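[1] Task: produce atomic coordinates for the following.
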Amino acid sequence: MAFAPTLKTWLLVLPAVAVLGVAGYRASGHVASSTVQTDLPGVAVANDSAAALQVMPEALARRLSAFEHGNALPSGLPLDLRADIEDATDLYAYAQRLRVQADDGNHEARWMLSRVYDYCAQYAVDPGGYRLDNNVLAGLGLTAAPAMVQARERVAQRCGGFVPGDKLGPPLVLAERRKAAEQGNLAAEAALFAEGEPLQDSSEYRRDLVERVRTSRDPEAFMAIAPGMGVRASGDRALNGLVAGEQLSELAWRLAACELGLPCGADSVLVNSFCANGGICSQDGAQDFRDFVYDAAVSRQGAGKMRQWIKRLVGKRDGQ
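    Predicted coordinates:
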């Protein structure tokens, strides 16, 4: 997601992330088992195998526990299948429950399963390396580092049941979303469009999809389509007259999702993911996503335009 460069309270720690190799998925899925060398003075780096040993037993214990109990899963899911992604401390168990529902044809469960996989992928591809990177990042002494380490540790705690063998990552996330979209899930369909993998590739389809998302008032669909409505939509005649084609238009769709009920608080998956996986963190730990955007990414002149766009997207009129 591209943000305006005039950041005030957002902290971009991507240079540090690049040094550690934690900004994206690890290409090899692991780090060499020998002692990792670093040119950063005063940073103690542990052996990766030792770090991995601290993580793997946790995941294996959960899997063995489920096996010993006859692979029984906790009974049912909440009526709102989306609820636990915000509150569950064990996203592996949540994913297991979602998988049962998804395999029974529930496309909403499959969509949420893709969200869990997306959230946990950077950790799951190399749990030991993920924790090791946290240690290195904490030792850099950067102002931005503590917030990012805290966010990454929350991801590690919530995703602790996943292992590299689960093969979480973009291909699996995309496959789950395609299945959900083909079964009729609008948020998954919107996500495919935003990721450049739409179910159809025609101007009529693109405009119809955006209109369907807007009229649905589904916050998950609004957030899912947002990346495709920013600068990537610039020049697409199919989207003329819609909220599309600018950096601020992407943010407008995201903030509209928050207006429609998507959890966007300081402890939400949205804010946690931006910090843990993108290196975009706030100095104010109590700041929600809406305040993030208006404080860091929107100029005073752009704020009025942003509010008008949001009203247009969520159907509010002046005075409401």
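[2] Buried residues in stretch 173-183, which are they?
    Taking 16 or more other CB atoms under 10 Å as the neighbour-count basis, stretch 173-183 is seen to contain the buried residues 173-174, 176-181, 183. Quick note: C-beta positions are derived from backbone N, CA and C, even for glycine.
[3] Likewise for stretch 189-202?
    Counting neighbours by 16+ other CB under 10 Å, one finds that the buried residues in stretch 189-202 are 189-194, 198.
[4] Export these as a markdown table, with columns for pLDDT.
    Conversion of these to a markdown table gives the following (pLDDT from 0 to 100):
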| residue | pLDDT |
| --- | --- |
| 189 | 98 |
| 190 | 98 |
| 191 | 98 |
| 192 | 98 |
| 193 | 97 |
| 194 | 96 |
| 198 | 96 |
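[5] between the buried residues of stretch 173-183, which is nearest residue 268?
    Each of these was checked against residue 268 using CB to CB; the closest is residue 173, at 19.3 Å.
[6] Tell me the one of the buried residues of stretch 189-202 nearest residue 314?
    Using CB to CB, residue 190 is the member of these that lies nearest residue 314, at 15.8 Å.
[7] Alpha carbons of the one helix or strand the closest one maps to, in CSV - could you do that?
    Take DSSP states H and E as the rule and residue 190 turns out to sit in helix 186-194. Provided in CSV are the C-alpha atoms of helix 186-194 (Å, rounded to 0.1, in the frame of the first residue of the first chain):
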residue,chain,number,x,y,z
LEU,A,186,-17.6,-10.7,-2.6
ALA,A,187,-14.7,-9.8,-0.4
ALA,A,188,-12.6,-12.6,-1.9
GLU,A,189,-13.6,-11.4,-5.4
ALA,A,190,-12.6,-7.9,-4.5
ALA,A,191,-9.3,-9.1,-3.1
LEU,A,192,-8.5,-10.9,-6.4
PHE,A,193,-9.2,-7.7,-8.3
ALA,A,194,-7.0,-5.7,-6.1
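[8] Can you name the residues in contact with it?
    Residues outside helix 186-194 that contact it (CB atoms under 8 Å, 6 or more residues apart in numbering) are 107, 110-111, 114, 174, 176-178, 180-181, 198-199, 206, 209, 212-213, 216, 218, 220-229.
[9] and if you look at stretch 115-124?
    22, 24-25, 85, 91-92, 94-95, 98, 130, 152, 155-156, 158-159, 162-164, 166, 168-170, 172-173, 176, 269, 273, 276-277.
[10] and those, which are buried?
    Among those, those buried by neighbour count (16+ other CB under 10 Å) are 22, 25, 85, 91-92, 94-95, 98, 130, 152, 155-156, 158-159, 162-164, 166, 168-169, 172-173, 176, 269, 273, 276-277.
[11] Please narrow those to those residing in strands.
    Nothing among the buried ones among the contacts of stretch 115-124 maps onto strands, per DSSP state E.
[12] between the buried residues of stretch 173-183, which is nearest residue 250?
    Within those, proximity to residue 250 (CB to CB) peaks at residue 177, which comes in at 18.9 Å.
[13] which residues touch the closest one?
    The neighbourhood of residue 177, defined by CB under 8 Å, 6+ apart, consists of 111, 114, 188, 191-192, 195.
[14] how many other residues sit next to residue 288?
    The burial metric for residue 288, expressed as a neighbour count using other CB atoms under 10 Å, is 18.
[15] thought it was touching residue 266?
    Yes. The pair residue 288 and residue 266 passes the contact test of CB atoms under 8 Å, sitting 5.3 Å apart.
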